[in-house]
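**Q** need a 3D model of the following:
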Amino acid sequence: MAGISVEPYWELTFDAEGDPDAGERDALVREVPERGLTDLVVFAHGWNNDRPTATLLYDRFLAPFPALLRESGSPARLGYAGVIWPSMRFADEPIPDFPAPSAAPAAAPAAAPCLEPATLRALARAFPGNETLLDRLAELLERRPDDPARLEEFAALVRRLVAPRRPGAAAAAGPSAHDMEPDAEAAAEPVMFADDPARVCGRFADALAAMEDPPGAAADPGRAELFGDLGRRLWSGALELLRQGSYWEMKRRAGTVGGAGLGPVLGLLAEAAPELRVHLVGHSFGARLMAFALGALPERTGCVHSLTLLQGAFSHYAFAPRLPFDAGRGGALKGLQSRVRGPVVCCHSHHDQALGLLYPLASQVSRDPASAFGPRDARWGAMGHDGVQAVEGTESLRLDRALAALPAEGCVNVDVAAVVRRGGPPSGAHSDICHGELARLILLAGRLVR
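**A** Predicted structure coming up:
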């Protein structure tokens, strides 16, 4: 395929409901056994604006694999597949070493939030049919009216934008749209869309300020004080509300694509090539997609031999059999790590600001009205910030130790801050993943190299 330096390579395209491109699916299922492959690496991107960006990510990340295999003398006959699913990224979140969106201007300062043209186009692709609504959001951000009613209008429009498009769409995301809630609450509206917009936007504005100048402003200033500073401060939080609202939808969509889309395709592949060893890799929301695919594998399907989560943007309690703060409940994926015949490797970095600060805040504001404006709570943490939590036997290693001796099974947290470290606000190093060390880690997890 053009633009990809590894081969054989396939792409698998899914729509927002998890329906695959039938031609691509059938080609993969037919050609993998024809090629006589022993192993297949399947990679899912996180937030990307379009197919070319996703393909470029796969090319950059996978490029070291052939040389690493040759150097180790590995007998594996390895193929590659890239998952393409409808996700998006805001243009002010650059990916290290990747070109910026075409003609994208420099990110606007917090005092003058705006919806950049590249982001507006990405939103239109991710939420088709909402062009008029998006134009109004852009207009409000450009004008930043000092009027509480306009901020409330903005929040209402964001809520309309990310509402489920069809009955049951939220429930289709897997056990839940948030990774700790039972099935009955899967369709619950995030509190960040229903609570006082001034308070929610103020909380997001504080988080953005803390990235630039810790510890930032007071956590919950009064409503009058907030509106006295509306034009300069709250509209920055409003832009973040739009970002987090769209990412809440991307997170839900990732679960849908994994459970309804990729899982069944892997089942077909296992039938066609019973000896094939599959190695799943996901970045950001793509890590959630891969993890939720495990739950959709047919019974007795043992094709998945490793799972690597690169800066996973989902709950660090997802695999927990019991939640530390509620022993009567477990994580949405409890026990599913046992469907991986090798290790589940969770890469995390404290340089990832998207997952260290904004993800827990958005999750907290989305699901827990009682604590939405209090201090950060460990229950809302993400895999890519501090790794798998509350799963007995999980090992924790620095990257150098993992590259020397990686466990052959079970959950393994790998601190990759030594390489995943570049990037500024608002996402930090969240997308800084194209490193040879991480490529080697995936091959080690799959026992493809020694």
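**Q** please make it C-alpha for all contacts and neighbour counts, starting now.
**A** Fine.
**Q** so residue 339 sits against residue 299, correct?
**A** No. Taking contacts as C-alpha atoms under 8 Å, residue 339 lies outside contact range of residue 299: 9.7 Å.
**Q** the two: which has the busier surroundings?
**A** Neighbours were counted for residue 339 and for residue 299 using other C-alpha atoms under 10 Å; residue 339 has more, 20 against 9.
**Q** relative to residue 142, how far out is that one?
**A** 49 Å (C-alpha to C-alpha, to the nearest Å).
**Q** residue 134 now?
**A** 12 Å.
**Q** quick one: which of those two has more around it?
**A** Between residue 134 and residue 142, residue 134 has the larger neighbour count (other C-alpha under 10 Å), namely 20 against 15.
**Q** who's in contact with that one?
**A** Applying C-alpha atoms under 8 Å, 6 or more residues apart in numbering to residue 134 gives the contacts 120, 123, 124.
**Q** ranking by neighbours, what's the top pick from those residues?
**A** residue 123 (22 neighbours).
**Q** in three-state terms, label the closest residue in space to it that isn't next to it in sequence for me.
**A** Of all residues not flanking residue 123 in the chain, residue 88 sits nearest, at 7.1 Å (C-alpha to C-alpha, 6 or more residues apart in numbering). With DSSP: H, G, I helix; E, B strand; the rest coil as the basis, residue 88 sits in coil.
**Q** select from the contacts of residue 134 every entry located in helices.
**A** 120, 123, 124 (DSSP state H).
**Q** roughly how far apart are the first one and residue 53?
**A** Residue 120 sits 17 Å away from residue 53, going by C-alpha to C-alpha.
**Q** name the nearest residue to residue 141, ignoring sequence neighbours.
**A** residue 114 (5.3 Å).
**Q** for stretch 15-25, give me every contacting residue.
**A** Counting by C-alpha under 8 Å, 6+ apart, 10-14, 85-86, 169, 253, 256-262, 265 sit against stretch 15-25.
**Q** and with 6 Å instead?
**A** 12, 13, 14, 256, 257, 260, 261 (C-alpha atoms under 6 Å, 6 or more residues apart in numbering).
**Q** state the distance from the closest residue to the fifth one other than its chain neighbours to residue 258.
**A** In space, residue 257 comes closest to residue 18 once its chain neighbours are excluded; the distance is 4.1 Å by C-alpha to C-alpha, 6+ apart. With the distance defined as C-alpha to C-alpha, residue 18 ends up 7 Å from residue 258.
**Q** ok, residue 354 next?
**A** 22 Å.
**Q** please apply the same query to residue 277.
**A** 18 Å.
**Q** who has more neighbours, these two?
**A** Between residue 277 and residue 258, counted using other C-alpha under 10 Å, residue 258 has the larger neighbour count: 30 against 21.
**Q** the more buried one against residue 292, yeah?
**A** Yes. Using C-alpha atoms under 6 Å, residue 258 is in contact with residue 292, at 5.1 Å.
**Q** just to revisit the earlier point, hmm, the residue nearest to residue 141 is touching residue 139, no?
**A** No. The pair residue 114 / residue 139 is not scored as a contact, 8.8 Å apart, by C-alpha under 6 Å.
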